[in-house]
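Novice: here is a sequence together with a model predicted from it:
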Amino acid sequence: MNQLIQFDISLILPEIFVLSMAMAVLMTGLFIKPSLRWIMFALSQFTLLGSAYLTYQHFNHETQFAFSKMFVRDGLADLLKIMSYLGISIIFFYSRSYMKDRNLYCGEYFALVLFALLGMMIMISSHNMLLVYMGLELLSLCLYSLTALDRDNQKATESAIKYFVLGALASGFLLYGMSMIYGATSSLDFNVVSAVLLNQPTDHAILVLGLVFVVAGLAFKLGAVPFQMWVPDVYEGSPSSIAMLISSVPKLAAFAITVRILGEGLQSMMVDWKQMMLIMAVLSISIGNITAIAQTNIKRMYAYSTISHIGFILFGLMSGTLNGYASSLFYVVSYMFMTLVSFAMLIMMSRKNFECETLDDFKGLNRKNPWYAFLMLITMLSMAGIPPTIGFYAKFMVLQSAFDAGFSSFVVYAVMMALVGMFYYMRIVKLMYFDEPKLKNKLDIPMDMQWILSANALALLVTGFIPQTFMEAATQAVVLSLH
Amino acid sequence: MIEFKDFIFYFLSFVLIASGLSVITSRNPVTAALSLVLAFFNAAGIWILLQAEFLAIALVLVYVGAVMVLFLFVVMMLDINFDKLREGFWDYLPMAGFIGVLMMVEMVLVFQTKKFNLSSFSDPISNISNTEMIGNTLYSNYVLPFELASVILLIAIVSAIALTLRDRKDSKKINSADQIAVKREDRVRLVQMKSEEKYIKPKVKKKT
């Protein structure tokens, strides 16, 4: 018994480390002077480094279970967790000066982000619907309060309330669906659920009702049409650094639970959920790309661009093959790095008492800062999916797997919609390179942000030349984790 | 012939549904909150019928004893015009009613299936009490979600404080950065007026 517990704890060590360090950061924040706040920053970065080490040390391609099979460690979980640490670490670097200018550089910010990371880790590693729900609530609660952290900002408060109410509704949907599936199969464990569905004929009506609710809940968390209403409002209302957090890393966790619930637990109901996914994917790509054209607020434009990217991720998922899951995994990770740069540009150009929010703010960036205009160019090309960048390869793989699964006409449609989307990405390029500058002041950017931003954006270009290595890693993780 | 147990079940369910309806239709928020308390009591009664005494007691203790009392405090303390909040309640009725009826039909169709037939569930036969059983599984099989629930509560506390705690208004602490940043416009207001013009008594408006 004792050994068993030891084994369980050795598997969950990264989570325990993140939890205790989050509390340590919270306590440190209470007792240090405002001038010593870099300590919290250093502690948070140390947390991410330490948990990355702990995860890497146990990096195991075997699937291992802990806590009565609720918690799982496999290649997929470890890969996604390490990517989440990397994403959160970059977010801390990017948001440092922004949060300082807005008086939000406090202990609660770091602690809540670390707690959110814990929630994502739990979601990524969950092998039981109960644990999925716990992780999801942990993550969502942190995100709701982070959105409202700038509490004197009326817009932020309003968007937090919207996010909270709609998020609670979606959690309710998810729970209701899970309870239906529990009613039909008498289990919440993914393996048991899929075994029961395969071996014993159960009532299809109950399962379909449960599935509809589960898919609706997941779609809300991913931000797919028709559950996308919250995305633009929350992006627009929340501070740019929080919007960066909401749009990037949690998508990895949402991807993980979608694959685990639908691909693992409800595998034998693929025929049913494939159709729902198809409708959502097609709608997300078209509504996302077409509505983004009409936006003048750049954060809202990013929001609709996120929705269209989610549509592409759903294209990979709905093919229902291991190859499809792997290409979606590849897409969601590369999407995370793209969206980090795109929001970092907004943060970089914002000043104290000035938010870079409209498209006009990008006018003539090349005249003042040619290097950053070039980095933004790479990012926009990558988001639009132009060949030498990683974004092209990601879109290509996702559409190829959907094509192999027999959705050829929808693939043609998706490519056409990607062409429509090209318009608003290229409009930013046009504004940067061919228009007269509107803002006169020179940007002054902290040294660490300059380096990390450049590395992050150049990585989008460089990895585009050698995508096979990363695609192989993604395929390996998926193949070993979901058989 | 209806058995006594069935009679109690139907009675409790009827009051439960009636009080639930009263929660969403009553104009006075205090009445609504008290109706919710009544609904909780009836739900607890139904759970006792199902021999889930722990859940019943927990419901009464936690929801009626703590949550609803707090809620009543909030309703009575805050000066909210609930009539304004309720505006448009009936306007949304056609749409909401349509969706509600649709959901109800779907659910009835699903719950009619054999799987949810009561006869497929046998009475649990065991000598261990409900409370002991829940305790045993909660701290063994479900220890991880249980601990995570405590983390969620911690986050709720942290974010509630982070979002609401402000400096005390009567505090004499001075922020020197704010003092330096003050501009003339913040403190002095220059008003232009003609000096020679006589002060004219404003006409008293007649009520129309």
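Specialist: Noted; the coordinates are in hand.

Novice: for the rest of this, base every contact and every neighbour count on C-alpha atoms.
Specialist: OK.

Novice: in contact with B:Leu59, which residues?
Specialist: B:Leu59 makes contact with B:Phe40, B:Ala44 under the criterion C-alpha atoms under 8 Å, 6 or more residues apart in numbering or on different chains.

Novice: name all residues that make contact with residue 47.
Specialist: No chain was given, so I picked chain A. A:Phe17, A:Val18, A:Met21.

Novice: my bad, chain B
Specialist: B:Glu53, B:Leu55, B:Ala56.

Novice: just the buried residues of those.
Specialist: With burial judged by 16 or more other C-alpha atoms under 10 Å in any protein chain shown, the buried subset of the contacts of B:Trp47 is B:Glu53, B:Leu55, B:Ala56.

Novice: let's have those residues in JSON lines, adding pLDDT.
Specialist: As requested, the buried ones among the contacts of B:Trp47 are exported to JSON lines (pLDDT from 0 to 100):
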{"residue": "B:Glu53", "pLDDT": "87"}
{"residue": "B:Leu55", "pLDDT": "91"}
{"residue": "B:Ala56", "pLDDT": "93"}
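
Novice: out of those residues, which are inside helices?
Specialist: Here DSSP state H is the test, and the buried ones among the contacts of B:Trp47 give B:Glu53, B:Leu55, B:Ala56 as lying in helices.

Novice: nearest to chain A, of these?
Specialist: Checking those against chain A by C-alpha to the nearest C-alpha gives B:Leu55 as the nearest, at 17.6 Å.

Novice: and the gap between the closest one and B:Leu61?
Specialist: As judged by C-alpha to C-alpha, to the nearest Å, B:Leu55 and B:Leu61 stand 10 Å apart.

Novice: now do the strands in the stretch 51-200 of chain A.
Specialist: If DSSP state E, counting those that start in this stretch is used as the criterion, the strands of the stretch 51-200 of chain A fall at A:64-66, A:71-73.

Novice: what is the first one packed up against?
Specialist: Just to be clear, that refers to strand A:64-66. helix A:2-11, strand A:71-73 (3 or more C-alpha pairs under 8 Å, 6 or more residues apart in numbering or on different chains; DSSP states H and E).

Novice: circling back to that earlier point, pick out the shakiest of the strands of the stretch 51-200 of chain A, pLDDT-wise.
Specialist: Within the strands of the stretch 51-200 of chain A, confidence is poorest for strand A:64-66, with a mean of 88 (mean pLDDT).

Novice: quick one: residues in contact with it.
Specialist: A:Phe7, A:Asp8, A:Leu11, A:Phe71, A:Val72, A:Arg73, A:Asp74.

Novice: got the end-to-end distance for stretch A:220-236?
Specialist: 18 Å.

Novice: what number of residues lie near A:Leu266?
Specialist: Residues lying near A:Leu266 (other C-alpha atoms under 10 Å in any protein chain shown) number 23.

Novice: excluding residues flanking it in the chain, which one is nearest it?
Specialist: A:Ser194 (5.8 Å; C-alpha to C-alpha, 6 or more residues apart in numbering or on different chains).

Novice: pretty sure that neighbour sits against A:Met269.
Specialist: No. Using C-alpha atoms under 8 Å, A:Ser194 makes no contact with A:Met269, being 9.2 Å away.

Novice: and these two? Which one has more around it.
Specialist: A:Ser194 (21 against 18).

Novice: ok, that one to A:Leu207 distance?
Specialist: For A:Ser194, the distance to A:Leu207 - C-alpha to C-alpha - is 12 Å.

Novice: next one: A:Asp360
Specialist: From A:Asp360 to A:Leu207 the distance is 50 Å (C-alpha to C-alpha).

Novice: and what of A:Gln450?
Specialist: 51 Å.

Novice: who's more crowded, the two?
Specialist: More neighbours surround A:Leu207 than the other of A:Gln450 and A:Leu207, with 23 against 16 (other C-alpha under 10 Å).

Novice: please name the nearest non-neighbouring residue to the more buried one.
Specialist: A:Ile181 (5.7 Å).

Novice: hmm, that neighbour is touching A:Ile206, no?
Specialist: Yes. With contact defined as C-alpha under 8 Å, A:Ile181 counts as touching A:Ile206 (7.3 Å).

Novice: phi first, then psi, for residue 63.
Specialist: Using chain A here. Main-chain torsions, A:Thr63, degrees, to the nearest 10: phi -90, psi 120.

Novice: what residues are up against it?
Specialist: Going by C-alpha under 8 Å, 6+ apart, the list of residues near A:Thr63 reads A:Val72, A:Arg73, A:Asp74, A:Gly75, A:Leu480, A:Ser481.

Novice: what number of residues lie near the fifth one?
Specialist: Right, A:Leu480. 15.

Novice: would you mind listing the buried residues in the helix or strand where it lies?
Specialist: Using DSSP states H and E, the element containing A:Leu480 is helix A:467-481. Neighbour counts over helix A:467-481 (16+ other C-alpha under 10 Å) mark A:Met471, A:Ala473, A:Ala474, A:Thr475, A:Gln476, A:Ala477, A:Val478, A:Val479, A:Ser481 as buried.

Novice: how near is the second one to A:Ala394?
Specialist: Distance check for A:Ala473 against A:Ala394: by C-alpha to C-alpha, it reads 14 Å.

Novice: which bits of the stretch 201-350 of chain A sit near chain B?
Specialist: Residues of the stretch 201-350 of chain A lying near chain B by C-alpha under 8 Å from any C-alpha of the partner chain: A:Thr202, A:Asp203, A:Ala205, A:Ile206, A:Leu209.

Novice: most neighbours among those, please name it.
Specialist: A:Ile206 (25 neighbours).

Novice: and the residue nearest to that one when sequence neighbours are not counted, what is it in contact with?
Specialist: Of all residues beyond its chain neighbours, the one nearest A:Ile206 is B:Val110 (5.7 Å), with distances taken as C-alpha to C-alpha, 6+ apart. When contacts are counted by C-alpha under 8 Å, 6+ apart, B:Val110 touches A:Ala205, A:Ile206, A:Leu209.

Novice: the residues you listed in strands, which ones?
Specialist: Nothing among these maps onto strands, per DSSP state E.

Novice: just name the lowest-scoring one in the residues you listed, pLDDT-wise.
Specialist: For the contacts of B:Val110, the model is least confident at A:Ala205; its pLDDT is 82.

Novice: ok, back up a step: of the contacts of strand A:64-66, closest to A:Ser51?
Specialist: Checking the contacts of strand A:64-66 against A:Ser51 with C-alpha to C-alpha, the nearest one is A:Leu11 at 11.9 Å.

Novice: report pLDDT for that closest one.
Specialist: 88.

Novice: residues contacting it?
Specialist: Contacts of A:Leu11 by C-alpha under 8 Å, 6+ apart are A:His58, A:Ala66, A:Arg73.

Novice: chain B: helices as residue ranges?
Specialist: B:4-25, B:29-49, B:53-58, B:68-77, B:82-85, B:93-111, B:130-138, B:143-164, B:176-180, B:184-187.

Novice: show me what contacts B:Ala56?
Specialist: Going by C-alpha under 8 Å, 6+ apart, the list of residues near B:Ala56 reads B:Ala43, B:Ala44, B:Gly45, B:Trp47, B:Ile48.

Novice: please repeat the previous calculation with a cut-off of 7 Å.
Specialist: Neighbouring residues of B:Ala56 by C-alpha atoms under 7 Å, 6 or more residues apart in numbering or on different chains: B:Ala44, B:Gly45, B:Trp47, B:Ile48.
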